[in-house]
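>>> would you be able to build a 3D model of this:
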Amino acid sequence: MIRKDGKTMRRLRKLRLAFGKPAQAENSGVILPLLAKGVSPALQRAIYLDPYEAHERGVIERKLASDDIVLELGAGIGFISTLCAKRIGGDRVFAVEANPVMAEAIRETYRLNGVTPQLFCGLLGQEEGEETFYVESNFISSSTHQRSQTAQAVTTRRYDARAFIDKIKPTFLICDIEGGEQELLAYMPLAGVKKLCIELHPHVIGNAGTSAIFQRLLEQGFVCDFLNSSGKVYFFERATA
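Numbering: from 1, shown residues only. From the prediction side, this is the model:
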């Protein structure tokens, strides 16, 4: 008997990925397009062979409530926003992705799964305008930080963070923006946010920058739920009296 998560099955999946070129993969009931524009070989492997976004997925499965309004910053291929939309409906899910190359893949993910989260191509900042974004060959490492000499600089839209949050009024914030979290959380209003799932990047912003995020969130009345945190993904929730 071949176990779904066993070594033999993983070897078979590696062979199929290398020679069969599968067009799609399924993770937690979400269909993901492997051949869409913007899906690099590294991302294909992560989706097809590994427990893709396992930490964030676990938090959503345990903590997402039917009355939440989700805002995802750093939508990637659209997996997390699709997973949320399948649970609470697309009208309660909003996604922001700065990498213009990924927009097509995100929309294809939504189409394959019959969900309709609202997608915004750009990033949040202190005011409306434009921002330089650095696209890496491994697209999931793209960031507002230039992380390699081969990164391609592109111009993307910048939304005013305060106006954006005031309009959407999210209760559940999901954030994976490859180091941009330090600057963003320094000024983004969090008054209505009750839950925060964030991937931190100390290798980009350093230990001091990472610690500053913890300090900011604690000052805002959040506590870190370490039992629902793992790896570099942390879950914060508003402290209750």
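
>>> can you map out the strands along the chain?
24-27, 30-33, 70-73, 93-97, 118-121, 123-125, 129-135, 152-160, 172-175, 195-199, 222-224, 233-238 (DSSP state E).

>>> mind putting these in a markdown table, distance to Leu185, mean pLDDT and mean neighbour count included?
To be clear about C-beta, it is placed using only N, CA and C from the backbone, and glycine gets the same treatment. A markdown table is the format used below for the strands of the chain (distance: least, C-beta to C-beta, whole Å; pLDDT from 0 to 100; neighbours: other C-beta atoms under 10 Å):
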| stretch | distance to Leu185 | mean pLDDT | mean neighbour count |
| --- | --- | --- | --- |
| strand 24-27 | 28 | 89 | 15 |
| strand 30-33 | 27 | 94 | 22 |
| strand 70-73 | 10 | 98 | 26 |
| strand 93-97 | 14 | 97 | 25 |
| strand 118-121 | 18 | 97 | 18 |
| strand 123-125 | 10 | 93 | 22 |
| strand 129-135 | 16 | 89 | 16 |
| strand 152-160 | 16 | 92 | 15 |
| strand 172-175 | 8 | 98 | 24 |
| strand 195-199 | 8 | 97 | 23 |
| strand 222-224 | 11 | 97 | 16 |
| strand 233-238 | 11 | 97 | 21 |
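
>>> can I get those in TSV with distance to Arg107?
Output for the strands of the chain, formatted as TSV (distance: least, C-beta to C-beta, whole Å):
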stretch	distance to Arg107
strand 24-27	15
strand 30-33	10
strand 70-73	15
strand 93-97	10
strand 118-121	7
strand 123-125	18
strand 129-135	18
strand 152-160	16
strand 172-175	19
strand 195-199	23
strand 222-224	33
strand 233-238	25
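
>>> which one of these lies closest to Arg57?
Among the strands of the chain, the nearest to Arg57 by C-beta to C-beta is strand 24-27 (7.7 Å).

>>> how about the nearest residue to Gly125, chain neighbours excluded?
Arg158 (4.1 Å; C-beta to C-beta, 6 or more residues apart in numbering).

>>> tell me the spacing between Thr150 and Tyr134.
Distance from Thr150 to Tyr134, counting by C-beta to C-beta, to the nearest Å: 10 Å.

>>> can you pull the contacts of the residue lying closest to Val204 once chain neighbours are set aside?
In space, and not counting its chain neighbours, Val204 is closest to Gly179: 3.3 Å by C-beta to C-beta, 6+ apart. Contacts for Gly179 (C-beta atoms under 8 Å, 6 or more residues apart in numbering) come out as 143-145, 147, 201, 204-205.

>>> looking at the residues you listed, which are in helices?
By the criterion of DSSP state H, membership of the contacts of Gly179 in helices covers 204-205.

>>> ok, back up a step: gap between the residue nearest to Val204 and Phe172?
22 Å.

>>> what's the answer for Arg57, then?
Arg57 is 14 Å from Phe172, by C-beta to C-beta.

>>> okay, now the unreliable bits of this structure?
1-20, 140, 241 (pLDDT under 70).

>>> please enumerate the helices of it.
Under the criterion DSSP H, the chain contains helices at 7-15, 41-49, 54-63, 79-88, 103-113, 161-168, 181-187, 202-219.

>>> perfect, I'm done here.
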